Structures are given as structure tokens and as C-alpha cells.
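Participant: Here's a sequence, model it:
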Amino acid sequence: MSTDKYIRRNLYKVLRKTGVPRSVIAEDASYENDMLMDATDMTCFLFYLETKFNLNIENDMLPQMLSVKSTIDYLQQRCA
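Facilitator: Numbers count the residues shown, from 1 in each chain. Modelled structure (predicted):
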């Protein structure tokens, strides 16, 4: 399985585990506007994301991870 496919599949699993409906998960979706995630949701999402991908996301990266696409880009850099 390609790294890109692995990242997307597992990111979508994390979003589903966080409670995001499958119907709103899209690459251009924003966590706040499209998925209606608040600070608590984001905390859970980041915990699951760090666990699933076995990495530590620095707090200064959080403002840059506003959408599915930006998270995929970040994970591609970290998991390459």
C-alpha cells in the first residue's frame, strides 16, 4: 500500500473515531467550518491521530492543521 493511501485511510478512520460523519469527510473539508469540530473535538482528534500514526505533533503545528488536506500534507512530510 502506498504511503498516500495509508495516510488517507488512517486519517479517515481517526476522523470517524472522533465522531465525524462519513458524509462530511472530504479532502477540502475544514475541521471547524465543515466538520463543526470545537476545541474538545480537536483535542480528541489529535490524540487519536498521534496514537494511530505513532508521532508527536508539536503545538506550533496545530494552527496549520485546519483541514483534511493540510493534515494529509503534514502526515506525508512526517511519514515519508
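Participant: Report the contact partners of N56.
Facilitator: E50 (C-beta atoms under 8 Å, 6 or more residues apart in numbering). (Each C-beta comes from the backbone N, C-alpha and C, glycine too.)
Participant: Could you report the pLDDT at it?
Facilitator: pLDDT for N56: 93.
Participant: Got the phi and psi for it?
Facilitator: Its backbone dihedrals place N56 at phi -110, psi 120, with angles given as degrees, to the nearest 10.
Participant: For R22, see how far away it is.
Facilitator: Note on N56: its distance to R22, by C-beta to C-beta, to the nearest Å, is 28 Å.
Participant: what's the answer for S2, then?
Facilitator: Separation of S2 from R22 (C-beta to C-beta) stands at 22 Å.
Participant: same question, Y74
Facilitator: 22 Å.
Participant: neighbour count winner among those two?
Facilitator: Counting neighbours by other C-beta atoms under 10 Å for Y74 and for R22 shows that Y74 has the greater number, 18 against 8.
Participant: just how off-centre is the helix or strand that contains the more buried one within its chain?
Facilitator: Taking DSSP states H and E as the definition, one finds Y74 inside helix 68-79. Centre-to-centre, helix 68-79 and its host chain are 8 Å apart (C-alpha atoms, centre = their mean, to the nearest Å).
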